[in-house]
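Student: Below are the sequence and a predicted model for it; my questions follow.
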Amino acid sequence: MRAKSFLFILACFIFAGTVYAGETPFSEFTSYQKAVDVQQIGLNDPVWDTVIPVRHPLQRQFLVLPKPAEVGVKEVFFQSVHDGKYIAFRLTWKDSTRNDSINVVNFSDAAALEFPVRRDPLPKYFMGEEGKPVHVIYWKAWRSKDQDQGFQTVKTAYPNMTSDIYTFDYSVKGKGTDKTQQEKEIFIPGRAANNPLSFPHKEIVEELSAEGPGTLTSKNIENTRGVAEWKNGTWTVLFVRPLAVNDASSVQFRIGEKMPLAIAVWEGGHLEVGGRKAVSPSWAEVKVE
Amino acid sequence: MRKVYNWQIGRNASYIYPENRPKKQWAIIFDLNKCISCQTCSLACKTTWTSGKGQEYMFWNNVESKPYGGYPIGWDLGILSKLGPQEWKGNKYTGKTLFEAADKDEKILYHLPEDADWAHPNLGEDEASGMINQGDWIATYPHRIWMFYLPRTCAHCTYPACLSACPRKAIYKREEDGIVLIDQSRCRGYRECVRACPYKKSMFNVETRVSEKCIGCYPKIEKGEMTQCVTNCIGKIRINGFVSTPDNARKDNPMDYLIHYKKIALPYYPQFGLEPNLYYIPPIHVAPSFLEQMFGPKVEKAMGTYINARNDHELQALLVLIGSTEKILHTFKVDEEYAYGYDEQGKEVVKVPITEPKIIRDYHDAKLNAYRQNTP
């Protein structure tokens, strides 16, 4: 009896070992080649009716403190198509609250795709590791609302707020009103420090690189077009980018090859932000058909 | 979690990083007996540092009325009720600090205020601890019904919760003066610092989408001057300087003298385990039970020392040095008549009489042949 339990426990360890060594990808997806112009593809393009969404389970981020006790989104549906030049990823998940407005304690709904910059050796799936960077393609609902309704400011967050005066921003011409915008923004610290988050952007998707938890850095390039829509308690987000780009630290897709990827989703209504997120259990793979 | 020594609670305590004290530690002492909540400090800070878009609601320095006031509302009640009742044994805190009480998935026990909690910077102003009955009058210490004003900035803690909570290491503590700063180019606005700081002194800027906090007026500190909130204080209730650890305390350092020698200035909520560097001379009219929760077990003794200040020449001398100069005093000296303050190079920067000279003039001015009258 004792020997049997021992063997059972040993078998469990061996099984767990193979899963966590990442030898077998947790999910396998396919990016189907389609005769459509993927660069121009829309969120609800008929081509998406021809690709079956693959369910991908998500779990709470469990490697780095703080960890969410529970996450708001536990599964996401994945679709992908390409036309030989451009590749599109479409994520769909249920979220009953639309969190795309900024205030002092609001957190944004968001989703990200993570790819290794180099596949051999494969970086750790969670944010990469030193010398083995990952490329993160990150959509944030705040930026979708910025694109739809103009960059959200303190005035849009608190329309009924009054403030007597801002330095160098007087309604009457006087000392200091001739200052340049840059000079005025000395009083807006994030902008004065050139933080990319503090400025409007063309795309709703931010591209970043990371070499381990806490090292996420904006790449300040915009090769990915994003489209997002919240309807009837469901977010649908589309990421479209060229298969290959002229940047050594970006992911490059090749036809016929498999590319590891991981997915993360944040439910803003659940106060999820940063490491408080739902993640893929390990690297998944997408085969570019 | 690491073990670090926290002298304010008399024991080793848990922290995310190893002990790494700066060469000098920025600190402010406030005499709460003298604060009248004129908010000159709040405005001095606001006009200097937070006049920009997105900073409208920010008061890096605020003054609130205790027991009911708070900015953000309920910051203290929120975290105290989560921590629950805890014990001191003598001068040693045997309860749990916020790091020790953290859930296994968190770095620290925290309270996250709601959006509207930040919208009323002085709600509860002048609210007393209870109803005043007919016939109540102020005859004894402590008063039966009381309130007091509590001015607060960032405490530039020795073990900052904000710094330990930031997953990006965007917050750092300066080696030269212990000031804690958020790198505005590195922050990504996760607001882990806003969650973690029990004093709620990290604030999110919706215009820039990153967090900000009190910068301890570091450009002034670098010039040997005290912060804006300190130097603009009308009531001369504050002094800014550098505090040592108890084993390195110098009796001629005004901060060490009040904190370590006279033990009259006490850290607020030391039980949180952050070793904050705001120190308060407790208000002597307030119920000690409330003050003990806020300042720890040494509070009644500190109140006694303050009441007895009239018989303590040296302490009196130091209390008059508070608010007498814009320069940071590294040492002080007292003689029979005067208190002297010196800068880091040992140069005298201020000399003040301990008792203002009193001159009684005759009722009749013989030179002008005029009678002097008091005109009420």
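Tutor: Great, that's in hand. Numbering: from 1, shown residues only, chains lettered A, B, ... in the order given.
Student: how about the residues of the stretch 101-250 of chain A near chain B?
Tutor: Neighbours of chain B within the stretch 101-250 of chain A, by Cβ under 8 Å from any Cβ of the partner chain: A:102-107, A:142, A:152-154, A:157-158, A:161, A:163, A:165-167, A:187-195, A:197-198, A:213-216. The C-beta positions use only the backbone N, C-alpha and C, and glycine is treated the same way.
Student: now do 6 Å
Tutor: A:102-105, A:153-154, A:157, A:163, A:167, A:187-191, A:193, A:195, A:197-198, A:214 (Cβ under 6 Å from any Cβ of the partner chain).
Student: Just the buried residues of those residues.
Tutor: A:102-105, A:153-154, A:157, A:187-191, A:193, A:195, A:197-198 (16 or more other Cβ atoms under 10 Å in any protein chain shown).
Student: so what's B:His364 bridging to?
Tutor: Under the criterion DSSP bridges, B:His364 forms beta bridges with B:Tyr371.
Student: That one and B:Tyr371, how far apart?
Tutor: From B:His364 across to B:Tyr371, the span is 6 Å (Cβ to Cβ, to the nearest Å).
Student: all helices of the stretch 1-150 of chain B, in order?
Tutor: B:40-49, B:75-83 (DSSP state H, counting those that start in this stretch).
Student: Contacts made by the first one with the rest, please.
Tutor: Judged by Cβ atoms under 6 Å, 6 or more residues apart in numbering or on different chains, the contacts made with helix B:40-49 from elsewhere in the structure are B:59-63, B:151, B:228-229, B:232-234.
Student: can you rerun that using 7 Å?
Tutor: Residues outside helix B:40-49 that contact it (Cβ atoms under 7 Å, 6 or more residues apart in numbering or on different chains) are B:59-63, B:151, B:215, B:228-229, B:232-234.
Student: likewise the shortest one?
Tutor: Outside of helix B:75-83, the residues that reach it under the criterion Cβ under 7 Å, 6+ apart are B:70, B:98, B:101, B:109, B:111, B:113, B:198-200.
Student: Widest-spaced pair of those residues?
Tutor: The span of these, defined through Cβ to Cβ, is set by B:Gly70 and B:Ala101 at 20.9 Å.
Student: out of the two, which sits in the busier spot?
Tutor: Set B:Gly70 next to B:Ala101 and count neighbours by other Cβ atoms under 10 Å in any protein chain shown: B:Gly70 wins out with 25 against 19.
Student: mind listing what the more buried one touches?
Tutor: Counting by Cβ under 7 Å, 6+ apart, B:Gly70 touches B:64, B:76, B:124.
Student: if we go to 8 Å?
Tutor: The contact partners of B:Gly70, by Cβ atoms under 8 Å, 6 or more residues apart in numbering or on different chains, come to B:64, B:76-77, B:123-124.
Student: if we can go back for a sec, reformat the helices of the stretch 1-150 of chain B as JSON lines; add mean pLDDT and mean neighbour count.
Tutor: As requested, the helices of the stretch 1-150 of chain B are arranged in JSON lines below (pLDDT from 0 to 100; neighbours: other Cβ atoms under 10 Å in any protein chain shown):
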{"stretch": "helix B:40-49", "mean pLDDT": "97", "mean neighbour count": "20"}
{"stretch": "helix B:75-83", "mean pLDDT": "97", "mean neighbour count": "18"}
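Student: Residue in the stretch 101-250 of chain A with the shortest distance to chain B?
Tutor: Closest to chain B within the stretch 101-250 of chain A is A:Gly190: 2.6 Å, counting by Cβ to the nearest Cβ.
Student: Okay, and that residue sits in which element?
Tutor: helix A:189-192 (DSSP states H and E).
Student: What is that helix packed up against?
Tutor: Other elements packing on helix A:189-192 under the criterion 3 or more Cβ pairs under 8 Å, 6 or more residues apart in numbering or on different chains; DSSP states H and E are strand B:210-213.
Student: In PyMOL, how would I select just the buried ones from the contacts of helix B:40-49?
Tutor: Here is the PyMOL selection string for the buried members of these, based on 16+ other Cβ under 10 Å:
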select buried, chain B and resi 59+60+61+62+63+151+215+228+229+232+233
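Student: Now the two most distant members of the contacts of helix B:40-49.
Tutor: Farthest pair in the contacts of helix B:40-49 (Cβ to Cβ) is B:Ile215 and B:Ile234. Separation: 22.7 Å.
Student: Report how many residues lie close to residue 269.
Tutor: The chain I'm using is chain A. Close neighbours of A:Gly269, defined as other Cβ under 10 Å, add up to 15.
Student: not what I meant, chain B
Tutor: Neighbourhood size, B:Tyr269 [other Cβ under 10 Å]: 22.
Student: which residues touch it?
Tutor: Neighbours of B:Tyr269 in contact, by Cβ under 8 Å, 6+ apart: B:76, B:198-199, B:276, B:294.
Student: In helices, which of these appear?
Tutor: Members of those lying in helices (criterion: DSSP state H): B:76, B:294.
Student: can you put the contacts of B:Tyr269 in a markdown table and add distance to B:Lys23?
Tutor: As requested, the contacts of B:Tyr269 are exported to a markdown table (distance: Cβ to Cβ, whole Å):
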| residue | distance to B:Lys23 |
| --- | --- |
| B:Asp76 | 32 |
| B:Pro198 | 26 |
| B:Tyr199 | 24 |
| B:Pro276 | 19 |
| B:Met294 | 30 |
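Student: Pick out whichever of the contacts of B:Tyr269 sits closest to chain A.
Tutor: Set against chain A, the nearest of those by Cβ to the nearest Cβ is B:Pro198 (15.6 Å).
Student: quick one: the helices in the stretch 201-350 of chain B?
Tutor: Going by DSSP H, counting those that start in this stretch, the stretch 201-350 of chain B shows helices at B:218-221, B:228-231, B:254-256, B:288-295, B:299-307, B:313-321.
Student: need those in TSV with mean pLDDT, can you?
Tutor: Shown next, in TSV, are these (pLDDT from 0 to 100):
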stretch	mean pLDDT
helix B:218-221	98
helix B:228-231	98
helix B:254-256	98
helix B:288-295	96
helix B:299-307	97
helix B:313-321	95
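Student: will you turn the ones you listed into TSV that also has distance to B:Ile239?
Tutor: TSV is the format used below for the helices of the stretch 201-350 of chain B (distance: least, Cβ to Cβ, whole Å):
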stretch	distance to B:Ile239
helix B:218-221	13
helix B:228-231	7
helix B:254-256	6
helix B:288-295	17
helix B:299-307	15
helix B:313-321	7
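Student: Those helices into CSV, with extra columns for distance to chain A?
Tutor: Shown next, in CSV, are these (distance: least, Cβ to the nearest Cβ, whole Å):
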stretch, distance to chain A
helix B:218-221, 13
helix B:228-231, 15
helix B:254-256, 29
helix B:288-295, 26
helix B:299-307, 33
helix B:313-321, 34
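Student: can you list contacts of stretch A:38-55?
Tutor: A:27, A:29, A:32, A:34, A:36, A:75-83, A:85-88, A:90, A:92, A:227-229, A:236, A:238, A:240.
Student: So which of those belong to strands?
Tutor: Cross-referencing the contacts of stretch A:38-55 against strands under DSSP state E gives A:29, A:32, A:75-82, A:86-88, A:90, A:92, A:227-229, A:236, A:238, A:240.
Student: Drop anything exposed from those.
Tutor: Among those, those classed as buried by 16+ other Cβ under 10 Å are A:29, A:32, A:76-82, A:86-88, A:90, A:92, A:227-228, A:236, A:238, A:240.
Student: would you say A:Glu272 is within a helix?
Tutor: No. Applying DSSP: H, G, I helix; E, B strand; the rest coil, one finds A:Glu272 to be coil, outside a helix.
Student: Counting neighbours, what do you get for it?
Tutor: Neighbour tally, A:Glu272, other Cβ under 10 Å: 25.
Student: what's the spacing between it and A:Ile137?
Tutor: 18 Å.
Student: Also A:Ile188?
Tutor: If you measure A:Ile188 against A:Ile137 using Cβ to Cβ, the figure is 28 Å.
Student: what does the model give the residue in the stretch 101-250 of chain B that chain A sits nearest to for pLDDT?
Tutor: Nearest to chain A in the stretch 101-250 of chain B, going by Cβ to the nearest Cβ, is B:Thr208, at a distance of 2.6 Å. We have a pLDDT of 97 for B:Thr208.
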